[in-house]
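Colleague: got a predicted structure here, sequence first:
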Amino acid sequence: MKINRREVIAGGLAAAASAVVRGAPLAASAGDRRNGYGAAVTLADLQSDVRLKDAVTRYCTQIVPVYELKWPTVRPDAHTFSFAKADGLLDFARQNGLTMRGHNLVWYADLPAWTKEIKDAPTAERTLRDHIATVVSYYRGKLTSWDVVNEAIPDFPKRPTERRPSLWQNLLGDSYIRTAFRAAADADPDVQLVLNDYDIESVGERFAARRAALRNLVSDLLDTGTPINAVGLQSHLHGEIEIDTDGLARCVAEFRSWGLDVIVTELDVDDRFLPASVTERDAIVAKRVNDVLSTITSQAPLRSILTWGISDGYSWISQMFPRPDHLPNRPLPLDADFQPKPFMDVITKVTREAA
């Protein structure tokens, strides 16, 4: 998924990220929550680390489950639904004055073993409808937003109409996406319904192809009367690749012109190819984040920003994409000791401007 490093960052980049690279970060002296900001968390991590709980309740106004609403957790077999872990996160949110998003209803990956027994279109459609109706109805009125379909665009689409192969795509074609949104809307007419995808923010042929495919899919959903409310930009950014601010701005403007909201759902920065220097690296990470968020907010406020985790100590990037020099990754707003970084200062700036 990653593209080789294409630039050497000059020393002046630190200033471009923000003046807070030097001295005490803004976030360190601001205990108020960032309106509209949230983070992905797991119930187990919240229960085992009070620092994580304190960080989420200090900085966030919303959370989203990492695993607790995905199929293997919520539906361990074809006939059983288990909401205990997701309910635990919802209880945490309510007890601390936070809201919660739902992630996700349909994804090509991370399906339980029992779904391998689905071999025909009628069974696939019935299973999908039943799952969405049950889960969304259970949380009706309790969640603010659902990632209905997650990552429907292939990694490098050869044409805008191409969709990612999956159990659902293979048996139902593109209709599975429309079916999913309609089932979710039937189960909760008031919740925000989101099409969620990644890698449309950066410079390069692959990212442009993904923007074109996402545009095509959104346009098709709207043309067919599918009840979609928003596009979620995951924003798993590549530290070594610049943001295509022009391409991103055009994409976001078009979605908004079609009456859709645009939200950021899984923000972090893969820093494995960035310099070893913490100061320089943090500045580059903050600049990538600032370029994305400033581009999106240049036309209209961004009401929802979620990072995929809040502390470097709980990042999937550290596990999946370790640095070649074996230094700790620094992809999130707080470091492994829960100290704020320039990344958090960008979040603070953007959320205060939107307030």
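Modeller: All right, it came through fine.
Colleague: going forward, measure contacts and count neighbours with C-alpha atoms only.
Modeller: OK.
Colleague: how about the helices of the chain, start to end?
Modeller: Ranges of helices within the chain are 13-17, 43-48, 50-59, 71-74, 84-95, 121-138, 167-172, 175-187, 205-223, 245-257, 278-297, 316-320, 342-354, based on DSSP state H.
Colleague: average pLDDT for the shortest one, rounded please.
Modeller: It refers to helix 71-74. Mean pLDDT, helix 71-74: 98.
Colleague: which helices and strands does it pack with?
Modeller: Applying 3 or more C-alpha pairs under 8 Å, 6 or more residues apart in numbering; DSSP states H and E, we find helix 71-74 packed against no helix or strand.
Colleague: sorry, back to before: which one, of the helices of the chain, ends up nearest to residue 303?
Modeller: helix 342-354 (6.9 Å; C-alpha to C-alpha).
Colleague: pLDDT-wise, which helix or strand of the protein ranks last?
Modeller: Lowest mean confidence among the helices and strands of the chain (mean pLDDT, DSSP states H and E): helix 13-17, at a mean of 34.
Colleague: quick one: residues contacting residue 185.
Modeller: When contacts are counted by C-alpha atoms under 8 Å, 6 or more residues apart in numbering, residue 185 touches 191, 193, 227.
Colleague: of all those, which comes closest to residue 279?
Modeller: Distance to residue 279 across those (C-alpha to C-alpha) is lowest for residue 193, with 38.9 Å.
Colleague: what's the burial count for the nearest residue in space to residue 119 that is not next to it in sequence?
Modeller: Leaving aside its sequence neighbours, residue 119 sits nearest to residue 171 (C-alpha to C-alpha, 6 or more residues apart in numbering; 7.8 Å). Residue 171: 19 surrounding residues under other C-alpha atoms under 10 Å.
Colleague: surely residue 171 and residue 123 touch.
Modeller: No. With contacts counted by C-alpha atoms under 8 Å, residue 171 stays clear of residue 123, the gap being 9.3 Å.
Colleague: among the contacts of residue 185, which one is most surrounded by other residues?
Modeller: residue 193 (27 neighbours).
Colleague: separation between the residue nearest to the spatial centre of the chain and residue 231?
Modeller: Taking C-alpha atoms, centre = their mean, the centroid of the chain lies closest to residue 266, which sits 2.3 Å from it. Relative to residue 231, residue 266 is positioned 13 Å away (C-alpha to C-alpha, to the nearest Å).
Colleague: then stretch 45-56 to PDB, C-alphas only?
Modeller: The C-alpha coordinates for stretch 45-56 follow below in PDB (Å, rounded to 0.1, in the frame of the first residue of the first chain):
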ATOM      1  CA  ASP A  45      -7.400  -0.900  26.600                       C
ATOM      2  CA  LEU A  46      -9.600   1.500  28.400                       C
ATOM      3  CA  GLN A  47     -10.100  -0.900  31.300                       C
ATOM      4  CA  SER A  48      -6.400  -1.700  31.600                       C
ATOM      5  CA  ASP A  49      -4.800   1.800  31.300                       C
ATOM      6  CA  VAL A  50      -6.100   4.700  33.300                       C
ATOM      7  CA  ARG A  51      -3.900   7.000  31.300                       C
ATOM      8  CA  LEU A  52      -5.800   6.100  28.100                       C
ATOM      9  CA  LYS A  53      -9.100   6.700  29.800                       C
ATOM     10  CA  ASP A  54      -7.900  10.100  31.200                       C
ATOM     11  CA  ALA A  55      -6.600  11.100  27.700                       C
ATOM     12  CA  VAL A  56      -9.900  10.300  26.000                       C
END
